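# My questions concern the predicted model and sequence given below.
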Amino acid sequence: MPIEPPQSPWNFPPVDEADASGLVGIGADDEPGTILAAYRSGLFPMPIEPGGLLGWWSPDPRGLLELGDLHVSRSLARSLRTFEFRVNTAFDEVLAGCADPSRPHGWIDDRIKSAYRRLHDLGWCHSIETWRDGELLGGLYGIAVGGLFAAESKFHRVADASKAAVVALVDGLRDDERRLVDVQWSTPHLASLGVAERSRSDYVAQLPALLETPPSVLFADERRTITVPPRA
């Protein structure tokens, strides 16, 4: 079970006070208790600019992936057969891949990397990894709180490796179909996997039930691989 950190001293503004970009507030700190309190309130942290003040965001609409809505194209289904998937065996490498400064629109600075590494040490932050022949080819990382998985970032080194990690994540979470993957903002790339946009108010209303859902066995200490069933 994850370890609950000390409670945050900060109080966040209500999410419905967000501006048009989804920004609710600026400042606070990057301690584990503060970041977890944000997710439990429908917020997530992202620097205003790399190395700058932390912003706390709650976009409207929100990009969400219901487990039953996952879509796997024929080409992705073929790619899935060539990969294997692991959980939390290369967290630092996944984090580094997501934070690669050569990537466009990079926002994961050293402070964010350190904050999510601490959350990983406490059992809240996890990596889903795409491997082939002993080589890490892509993956994603995010926060698991009850039935909520907040996907923070993903990367790939070969085609379909990050999409495949999303499929592996969803398949691994199917021990309870009440679970939900939050991707924050939808994109055409994510929409092709089944991500849909829902209002902020709908998302926040769903949060209490998600937070009360038991943690997934996917992140149990003894679970290190994910079996992805073949698709037609």
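Good, I have the coordinates. Numbering: from 1, shown residues only.
# and the most centrally placed residue in the chain, what are its bridge partners?
The central residue of the chain, meaning the one whose C-alpha is nearest the mean C-alpha position (C-alpha atoms, centre = their mean), is residue 151 at 1.2 Å. Taking DSSP bridges as the rule, residue 151 bridges to residue 142.
# Might you report the residue contacts of it?
Contacts were defined as C-beta atoms under 8 Å, 6 or more residues apart in numbering; by that measure residue 151 touches 140-142, 166, 169, 181-184. Using the backbone N, CA and C atoms, a C-beta is placed for each residue, glycine as well.
# ranges for the helices of the protein?
Using DSSP state H, the helices assigned to the chain run over residues 32-40, 74-80, 91-98, 110-121, 161-172, 188-191, 200-212.
# if I look at the residue nearest to residue 229 when sequence neighbours are not counted, how far off is residue 164?
Closest residue to residue 229 apart from its sequence neighbours, by C-beta to C-beta, 6 or more residues apart in numbering: residue 171 at 6.9 Å. Between residue 171 and residue 164 the computed distance is 10 Å (C-beta to C-beta, to the nearest Å).
# which residues do the two both contact?
When C-beta under 8 Å, 6+ apart defines a contact, the residues bordering residue 171 and residue 164 alike are residue 228.
# Same drill for the two, tell me which one is more crowded.
Using other C-beta atoms under 10 Å, the more surrounded residue of residue 171 and residue 164 is residue 164, with 28 against 18.
# circling back to that earlier point, ok, of the contacts of residue 151, which one's closest to residue 41?
Taking C-beta to C-beta as the measure, residue 182 is the one of those closest to residue 41, at 12.8 Å.
# Quick check: the gap between the closest one and residue 67.
Distance from residue 182 to residue 67, counting by C-beta to C-beta: 12 Å.
# just to revisit the earlier point, of all the helices of the chain, which lies closest to residue 60?
Set against residue 60 and scored by C-beta to C-beta, these come closest in helix 200-212, at 3.7 Å.
# Dump the C-alpha coordinates for the closest one into PDB.
As requested, C-alpha coordinates have been extracted for helix 200-212 and formatted as PDB (Å, rounded to 0.1, in the frame of the first residue of the first chain):
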ATOM      1  CA  ARG A 200     -14.800  19.700 -15.400                       C
ATOM      2  CA  SER A 201     -17.900  19.600 -13.300                       C
ATOM      3  CA  ASP A 202     -18.700  16.000 -14.400                       C
ATOM      4  CA  TYR A 203     -15.100  14.900 -13.600                       C
ATOM      5  CA  VAL A 204     -15.000  16.500 -10.200                       C
ATOM      6  CA  ALA A 205     -18.400  15.000  -9.400                       C
ATOM      7  CA  GLN A 206     -17.000  11.500 -10.200                       C
ATOM      8  CA  LEU A 207     -13.800  12.000  -8.100                       C
ATOM      9  CA  PRO A 208     -15.200  10.900  -4.700                       C
ATOM     10  CA  ALA A 209     -16.300   7.500  -6.000                       C
ATOM     11  CA  LEU A 210     -13.000   7.100  -7.800                       C
ATOM     12  CA  LEU A 211     -10.900   7.900  -4.700                       C
ATOM     13  CA  GLU A 212     -12.800   5.400  -2.700                       C
END
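# Identify each buried residue in it, please.
Applying a neighbour-count criterion of 16 or more other C-beta atoms under 10 Å, the buried positions in helix 200-212 are 200, 203-204, 206-207, 210.
# on that earlier part again, list the residues that contact the residue nearest to residue 229.
Taking C-beta under 8 Å, 6+ apart as the definition of contact, the neighbours of residue 171 are 226-229.
# Likewise for residue 8?
Each residue near residue 8 by C-beta under 8 Å, 6+ apart is listed here: 28-29, 31, 33-34, 36-37.
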